[in-house]
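Trainee: just a sequence and a predicted model for now, questions to come.
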Amino acid sequence: MTYKSSKPVEAYLVKPKWRRRTNAVVWALRARLLFCFDWAVLLLARRRSQGNQGAIFCLHGLGDLLLAGHAIERLAEWMRSQEVEPVLFVRPTFVEFARRAFGVARVEGINRYQFSRQLRYRIGILKSVTGRFAVAVQPTFNRMFRVEDCLMRATGAAQRIGNAGHANFILPSERHLGDRFYTQLVELQPGPMHELLRYAEFMKGMGLEISQQPWQPGSNGEFQTCSAGLVPTTPYMVLAPSASHPRRSWPMESFLKVAQHIASRHQLAIVMIGHKPHDSSAVMDLGGKTAVEDLPGLLASARFILCNDSGIYHLGVSLSRPTLAVGGGGMPTRYFPYPDEAAGPSKAVYHSMPCADCNWKCSRIQSRRETAPCLQEVTWQEVAEAAGALLRRNT
C-alpha cells in the first residue's frame, strides 16, 4: 500500500497536548484499577509459606528471548548456586523451544496479551505464581506495569529484581506504583544501545557477567535436526516475510521479487516460513507447518535468510547464517544493527526518517494494517543489492 499525505513529516512528530494528557489519565486509572483487582485476587490466593523456586520472566517475542539468552542461562546458574530451582516463563508457543535451548528444567507459558486483557486468564496466572518463589527476576528493558510489574508483585518473593525499563513502555504514574513491587531495580544508562548490551548491563548491575556476543542456541545438541520433510535436499534460502504487526512488515511482493532474484542468481530453492500459505510454485511453502523448535534446524542449513526485523533475523544471527533483514524506524539501534555487524554475516537495510524511534506508534499511517512509511521507502532493488553483497562476502 502506497502512503500519501499532504502534511509535512514534522506535523506527525508530536501528538496534540490534549491527546497526550487524556492518554496519560486513562492509563493511570487503568493501572490503579489493576492494582486493586490484583490485590483482591492475591489476598484470597496468597500462600503463607514461600517456595524454593526462582522465576525468570521473558514474555516478549522470539527475538527478545534470543537476545536474553546469555542472561537467562546465567540467571539459572546463579539461582541453582543458591539452591533455588529456576523456572523460566515465556510465551506459550516458545515453551518447547526454551526447554531445549536454555537447560532450565521447568519452563512455563504465559500469554502476555491474554494476561493483560482477559480477567479470568489473569486470575489463573496470578494464582499459579503466588507463594512459589523465593526469588524472581525480570530482566527485560520493555517493562510494562500491567504485565511484568504485576507478575513480580504476585510472586511474593523475598527477592524481586527487575530492569527499571524505559518511558516508551511504562508511564510515570505506572512506575510510581510498580517500583514498590521490587526489592531491587537496576537502572540502565540512557541513550541508544543494542539489546545485547542492555542485557549485559542489567546483569552487571546484579553483579553477574555475561557475553556481549549473540547467544547461540543448540549448544546442547537438541536443535541439530529439523522435523522430517521440512529441509529440502537441494541448497536453499529461507524467506520469512512475517513480522509481529502489519505496520512492521515490508510488502510481500517486494520480498518475493528479492527472493526470486537471489534464488536465480545463486541456484537456490526458496523455502518460505512464518506466513499464511502462499499460492506460488516458485517457493516451498512451510507456512503453518514449522514449530518454533524446528526453526534452528531449518535455518542452520540455509545458504541465505531474508526476513523482516523479527525473531527470524535474530535467530539467523545467532546461528551465524548470512541473514538480511528489512528494518523500520520503530526501535532503531535497539535491535539492529548488531554491534559487530560489519564483521559478521548479517545486515539490516533501513531508511532513517525524522520520526524514528516512535516505538511503532506511527502517526503517518491511516490504517492499523498499513505498512509504516519507513519500510515502504525501502526498494526491492536496494535489498537485492545488499543481499548479493552479503552472499559474496560470506561464500
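Mentor: Received it, and whenever you're ready, just let me know what you need. Treat the numbers as computed from the prediction; the structure is a model and nothing was measured. Residues are numbered from 1 along each chain as shown.
Trainee: for the chain, just list every one of the helices.
Mentor: Secondary structure of the chain, counting by DSSP state H: helices at 17-45, 62-67, 69-81, 95-102, 112-117, 119-129, 150-155, 172-178, 195-205, 252-266, 295-300, 311-318, 373-376, 380-393.
Trainee: just checking, what packs against the fifth one?
Mentor: Going back to what we said before, that points to helix 112-117. helix 119-129 (3 or more Cβ pairs under 8 Å, 6 or more residues apart in numbering; DSSP states H and E). Yep, even glycine has a C-beta here, placed from its N, CA and C like the rest.
Trainee: got the angle for the helix it packs on vs helix 17-45?
Mentor: If you take axes from the mean of the first three to the mean of the last three Cα atoms, to 10 degrees, helix 119-129 sits at 50 degrees to helix 17-45.
Trainee: okay, helix 119-129 in PDB with CA atoms only?
Mentor: What follows is helix 119-129, C-alpha atoms only, in PDB (Å, rounded to 0.1, in the frame of the first residue of the first chain):
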ATOM      1  CA  LEU A 119      -9.600 -11.200  33.700                       C
ATOM      2  CA  ARG A 120     -10.300 -14.900  34.000                       C
ATOM      3  CA  TYR A 121      -7.000 -15.800  32.500                       C
ATOM      4  CA  ARG A 122      -5.300 -13.200  34.600                       C
ATOM      5  CA  ILE A 123      -6.800 -14.600  37.800                       C
ATOM      6  CA  GLY A 124      -5.500 -18.100  36.900                       C
ATOM      7  CA  ILE A 125      -1.900 -16.900  36.300                       C
ATOM      8  CA  LEU A 126      -1.800 -14.800  39.400                       C
ATOM      9  CA  LYS A 127      -2.900 -17.800  41.500                       C
ATOM     10  CA  SER A 128      -0.400 -20.000  39.800                       C
ATOM     11  CA  VAL A 129       2.700 -17.900  40.600                       C
END
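Trainee: and that helix, what does it pack against?
Mentor: Counting contacts by 3+ Cβ pairs under 8 Å, 6+ apart, helix 119-129 packs against helix 17-45, helix 112-117, helix 150-155.
Trainee: can you list the buried residues in the second one?
Mentor: Read that as helix 112-117. Buried positions in helix 112-117, judged by neighbour count with 16 or more other Cβ atoms under 10 Å: R112, F115, S116.
Trainee: do stretch 184-193 as well
Mentor: Buried residues in stretch 184-193, counted by 16+ other Cβ under 10 Å: L185, V186, L188, M193.
Trainee: so what touches that stretch?
Mentor: 141, 159-164, 179, 198, 201-202, 205-206, 332-334 (Cβ atoms under 8 Å, 6 or more residues apart in numbering).
Trainee: go again using 10 Å as the cut-off
Mentor: Here stretch 184-193 makes contact (Cβ atoms under 10 Å, 6 or more residues apart in numbering) with 137-139, 141, 143, 159-167, 175, 178-179, 197-206, 331-334, 339, 357.
Trainee: end-to-end on it?
Mentor: One end of stretch 184-193 to the other measures 22 Å (Cα to Cα, to the nearest Å).
Trainee: centre of the chain to it, how far?
Mentor: Relative to the centre of its chain, stretch 184-193 is centred 18 Å away, using Cα atoms, centre = their mean, to the nearest Å.
Trainee: any low-confidence regions in the stretch 251-395 of the chain?
Mentor: Residue ranges of the stretch 251-395 of the chain with pLDDT under 70: 275-281, 341-343, 356-369.
Trainee: quick one on the thing from earlier: format the buried residues of stretch 184-193 as CSV; extra columns: pLDDT and distance to K289.
Mentor: Below are the buried residues of stretch 184-193 laid out as CSV (pLDDT from 0 to 100; distance: Cβ to Cβ, whole Å):
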residue, pLDDT, distance to K289
L185, 97, 43
V186, 96, 41
L188, 89, 40
M193, 89, 37
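Trainee: narrow those residues to those in strands?
Mentor: Among the buried residues of stretch 184-193, the members falling in strands (DSSP state E) are L185, V186.
Trainee: coming back round to it: so for V231, which of the helices of the chain sits nearest?
Mentor: Between V231 and the helices of the chain, the tightest spacing by Cβ to Cβ is seen for helix 295-300, at 6.1 Å.
Trainee: which helices and strands sit right next to that closest one?
Mentor: On a contact count with 3 or more Cβ pairs under 10 Å, 6 or more residues apart in numbering; DSSP states H and E, helix 295-300 meets helix 95-102, strand 236-240, strand 304-308, helix 311-318.
Trainee: out of these, nearest to G274?
Mentor: Closest to G274 of those, according to Cβ to Cβ: strand 236-240, at 4.7 Å.
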